[in-house]
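Chemist: A structural model of the following input is requested.
(chains A and B)
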Amino acid sequence: MVGGAKTVQSTKIREAVADRLFLGIVYLFLSLVLIVILFPLLHVLSASFSSPAAVTSGKVWLWPVNFSLVGYKAVFQNSDILIGFGNSLFYSVVGTLINVSFTVMLAYPLARKTFYGRGLIMVLIVFTMFFDGGLIPNYLLVKSLGMVNTRWAMIIPGALAVFQVIIARTFFQSLPDELAEAAEMDGCSDMRFFLQVVLPLSKPILAVLFLMYAIGHWNAYFNALIYLKDNSMFPLQIFLRNILILNSENSDMMTNVNSLLVQQGLKDLLKYSLIVVSSAPVLIIYPFVQKHFVKGVMIGSLKG
Amino acid sequence: MEATRSKAASPHPPGLAARRKRAGSQAGRKIRKHWQFYLLVFLPLLYIVIFKYVPMFGVIIAFKEYNVVQGILGSPWAGLKYFKQLFDTPFFWQYFKNTLEISLYGMAIGFPAPIILALALNEIRNGLFKKSVQMITYAPYFISTVVIVSILIVNLSPNVGLLSNIFRSLGMEPIDFMGKAGYFKTIYVLSDVWQFTGYGAIIYIAALSGVNPDLYEAAKVDGASRFQKIVHIDLPSLVPVIVIMLILNLGQIMGLGFEKIYLMQNPLNLNTSEVISTYVYKIGLLGANFSFSAAIGLFNSVINFVLLILVNFIAKKISSNSLW
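Modeler: Numbers count the residues shown, from 1 in each chain, chains lettered A, B, ... in the order given. The predicted structure is shown next:
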């Protein structure tokens, strides 16, 4: 009896040791994940604040070497980048407003049982998630609507994301039915109820929709690549692609730089600074909206 | 109200036609009463019809000799000419293979990664460390594709890149990663894992937070170790989510995105980096060969659609989880 109790105790201790070891491995693993995610980002950030020579000679690791703002100066002197910034801001604001309006206008009635025909509309919508016409028919459609090489091409073809409609609908369904019934009893019209009761109650989902759509617009380059031809309409991402990936910066960035070596160094440095500048707006607002965004993904996952 | 009661009480049960008529008038009443709903959905539905369904019918140009002057409807029929041309193109099967390989490679590593991260995060208690790991692992999701590819190119470049710095400090010759076709798929897949694992884990973290605490309590009483709890409680409770995500992923196998691959391509890696979506773009929009390109696109969409239905069907058979 005594011996039995002893072994129970010793296995308990052994298990505790194994558990603690396991927990240690978990912490180690997560720390490793953290390092792998952060390392490239910190490297880019510190390189962007270093001198061209330090970047070219590969001295920069995780801290700026010979601190300088030369890269940033070059970025903000570039007219293309400023044009791109303005355009992206315009597409993001106007596009997101249309996106969010369309999404709630479609999602709210679909969440109401009194909306006759909602099953059919739902099938119609969900089907588009699994089958689409493809690139060429889409392009020809936009072309026949006369939208190629206009700002409309950046806003109208993507006016709605079906996936977000489903997330918003799930949220609206979570609002109590009694609310709508009571309002109907009091003679409140559906439209008034939607505008004055539902929307004020829907701030969390509106925040999620704004965030997801706005980031989508800010980061998009594909529609601009296929629909736009004029520099003056390009969003920032297209200019980024030209400079960062195709290596074709315009010459006004390189004025008053004569030595080839310095020029090469500046070219490398500029890339780092540009990456930081273009990602800054999104990453600055990110910590403030992170909570909403996680909530949004979870609302969406409730359905699955 | 009165009318329906008297009808139900009448000695002659209403016939099918009458019942249908009544249902119809009920629908009519519902529509008339809630007409504002139709006002709300009008514009978004118009958008869906024009921008989602019209292109679906636009795929008929894959069976036509499309020319700009005559338009989609006026162009003469070509039958299956472009599909034959497609299957006769030797390159096509190479691109098909590339698409499939990148997708499957990506799934083999990218699918389990968020599950493992979620399980690991679930093991540690709520605190600053857990919050920081979550916040930092989600962050790359918000970085644009252009910037991600730029970060890849600068960090992997043989001249100034981070990796070549490491190689050099170890006394090894730096490698031009982006210039070697053999590395392309690995770079693509690992950078995707880097960017999307945190985001992908959210849904699993949510599912894990919904596990009944009584189960852990019972396991504790039975003397289960942490690892045993993961295997016998956490993983089984994730199965429904895992199945749904797997169906969605498998249904997307041929739908490999255009954006990142196109940006990562260069003349040196085209051998392994050309996939169906980039080929469609190059043939169709850059080469103005609309009908041939639409045929490739249609072929791809149909494969995807069939795959999705097939996978969903299998999931329904072997487990109770499915999309519909």
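
Chemist: So what's the residue count around residue B:244?
Modeler: For residue B:244, the count of nearby residues is 19 (other CB atoms under 10 Å in any protein chain shown). Any C-beta I mention is one placed from the backbone N, CA and C, and that applies to glycine too.

Chemist: Equivalent analysis for residue A:38, please.
Modeler: The tally of other residues near residue A:38 (other CB under 10 Å) stands at 16.

Chemist: Okay, and it sits in which element?
Modeler: Residue A:38 is located in helix A:2-48, with elements delineated by DSSP states H and E.

Chemist: Would that helix count as contacting chain B?
Modeler: Yes: part of helix A:2-48 sits near chain B under the criterion CB under 8 Å from any CB of the partner chain, namely A:11-12, A:15, A:18-19, A:22-23, A:26-27, A:29-30, A:33-34, A:36-41, A:43-44.

Chemist: Now the buried members of those.
Modeler: Burial of the residues of helix A:2-48 next to chain B was assessed by neighbour count (16 or more other CB atoms under 10 Å in any protein chain shown); the buried members are A:19, A:26, A:30, A:33, A:37, A:38, A:40, A:41, A:43, A:44.

Chemist: so who does residue B:79 touch?
Modeler: Taking CB atoms under 8 Å, 6 or more residues apart in numbering or on different chains as the definition of contact, the neighbours of residue B:79 are residue B:63.

Chemist: Need the three-state assignment for it.
Modeler: The three-state label given to residue B:79 by DSSP: H, G, I helix; E, B strand; the rest coil is coil.

Chemist: Can you tell me how far it is from chain A?
Modeler: Shown here: residue B:79 relative to chain A, a distance of 18 Å by CB to the nearest CB, to the nearest Å.

Chemist: okay, which residue is most central for the chain?
Modeler: As the question left the chain open, I've gone with chain A. Among the residues of chain A, the one closest to the centroid is residue A:215, at 3.6 Å (CA atoms, centre = their mean).

Chemist: Chain B, not that one
Modeler: Residue closest to chain B centre, computed by CA atoms, centre = their mean, is residue B:252 at 5.0 Å.

Chemist: Now it, what are its backbone angles?
Modeler: Dihedral pair for residue B:252: phi -110, psi 10, per degrees, to the nearest 10.

Chemist: Leaving out the residues flanking it, which one is nearest to it?
Modeler: residue B:304 (7.0 Å; CB to CB, 6 or more residues apart in numbering or on different chains).

Chemist: Determine how far the helix or strand hosting the one you found lies from the middle of the whole chain.
Modeler: When secondary structure is defined using DSSP H and E, the element that contains residue B:304 is helix B:290-318. Taking the mean C-alpha point of helix B:290-318 and that of its whole chain, the gap between them comes to 13 Å (CA atoms, centre = their mean, to the nearest Å).

Chemist: before we move on, the earlier item: run through the residues that contact the residue nearest to residue B:252.
Modeler: The neighbours of residue B:304, taking CB under 8 Å, 6+ apart as the test, are A:130, A:131, B:251, B:252, B:253, B:254, B:255.

Chemist: Mind checking which of these are buried?
Modeler: By the neighbour-count criterion of 16+ other CB under 10 Å, these include these buried positions: A:130, B:251, B:252, B:253, B:254, B:255.

Chemist: Tell me which residues touch the last one, please.
Modeler: In this case it means residue B:255. Neighbour list for residue B:255: B:277, B:300, B:304 [criterion: CB under 8 Å, 6+ apart].

Chemist: And the second one, by the same measure?
Modeler: The contact partners of residue B:251, taken as CB under 8 Å, 6+ apart, are A:130, B:304, B:307, B:308, B:311, B:312.

Chemist: can you do 7 Å?
Modeler: For residue B:251, the set of contacting residues under the criterion of CB atoms under 7 Å, 6 or more residues apart in numbering or on different chains consists of B:304, B:307, B:308, B:311.

Chemist: Which one of these is nearest to chain A?
Modeler: Looking at those and their distance to chain A, the nearest is residue B:308, at 5.7 Å (CB to the nearest CB).

Chemist: So the closest one sits against residue A:130, correct?
Modeler: Yes: distance between residue B:308 and residue A:130: 5.7 Å, which falls inside the contact criterion (CB atoms under 7 Å).

Chemist: ok, back up a step: show me what the mean pLDDT comes to for the helix holding residue B:304.
Modeler: When pLDDT is averaged along helix B:290-318, the result is 88.

Chemist: ditto for stretch A:100-117
Modeler: Confidence over stretch A:100-117, taken as the mean pLDDT, stands at 93.

Chemist: re earlier: between all of the contacts of residue B:304, which two are separated the most?
Modeler: For those, with distances taken as CB to CB, the pair at the greatest spread is A:131 and B:253 (14.9 Å).

Chemist: can I see the domain layout of the chain?
Modeler: Looking at chain A here, since you left the chain open. Annotated domains of chain A cover A:2-56, A:79-248 [automatic domain parsing].

Chemist: ah, I was thinking of chain B
Modeler: What automatic domain parsing lists as the domains of chain B is B:1-33, B:43-77, B:81-318.

Chemist: could the ones you listed be laid out in TSV, adding distance to residue A:177?
Modeler: Shown next, in TSV, are the domains of chain B (distance: least, CB to CB, whole Å):
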stretch	distance to residue A:177
domain B:1-33	15
domain B:43-77	23
domain B:81-318	24
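
Chemist: And those: which comes nearest residue A:105?
Modeler: domain B:43-77 (5.3 Å).

Chemist: do the closest one and chain A meet at all?
Modeler: Yes: part of domain B:43-77 sits near chain A under the criterion CB under 7 Å from any CB of the partner chain, namely B:43-45, B:47-48, B:51-52, B:54-56, B:58-59, B:61, B:72.

Chemist: Can you pull the residues of the stretch 51-200 of chain A lying near chain B?
Modeler: If contacts are counted using CB under 7 Å from any CB, the residues of the stretch 51-200 of chain A sitting beside chain B are A:55-56, A:58, A:102, A:105-106, A:108-109, A:112, A:114-116, A:121, A:124-125, A:128, A:130-141, A:157, A:159-160, A:189-191.

Chemist: Only the buried subset of the residues you listed, as a ChimeraX command please.
Modeler: The following ChimeraX line selects those of these that are buried, judged by 16+ other CB under 10 Å:
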select /A:55,56,58,102,105,106,108,109,112,115,116,121,125,128,130,132,133,134,135,136,137,138,139,140,141,157,159,160,190
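
Chemist: so of the residues of the stretch 51-200 of chain A next to chain B, which ones are in helices?
Modeler: Using DSSP state H, the members of those that fall within helices are A:55-56, A:102, A:105-106, A:108-109, A:121, A:124-125, A:128, A:130, A:135-141, A:190-191.

Chemist: about what we covered before: what sits against the residue nearest to the centre of chain A?
Modeler: Taking CB under 7 Å, 6+ apart as the contact definition, residue A:215 lies against A:282, B:142.

Chemist: element containing it?
Modeler: When elements are defined using DSSP H and E, residue A:215 is found to belong to helix A:203-219.

Chemist: Just the C-alphas of that helix, formatted as CSV.
Modeler: The C-alpha coordinates for helix A:203-219 follow below in CSV (Å, rounded to 0.1, in the frame of the first residue of the first chain):
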residue,chain,number,x,y,z
LYS,A,203,-19.9,48.7,-35.6
PRO,A,204,-17.7,45.7,-35.0
ILE,A,205,-18.5,44.1,-38.4
LEU,A,206,-18.3,47.5,-40.1
ALA,A,207,-14.8,48.0,-38.7
VAL,A,208,-13.8,44.5,-40.0
LEU,A,209,-15.2,45.2,-43.4
PHE,A,210,-13.5,48.6,-43.7
LEU,A,211,-10.2,47.1,-42.6
MET,A,212,-10.2,44.2,-44.9
TYR,A,213,-11.4,46.1,-48.0
ALA,A,214,-9.1,49.1,-47.4
ILE,A,215,-6.0,46.9,-47.0
GLY,A,216,-7.1,44.9,-50.1
HIS,A,217,-7.2,48.2,-52.1
TRP,A,218,-3.9,49.5,-50.7
ASN,A,219,-2.1,46.3,-51.6
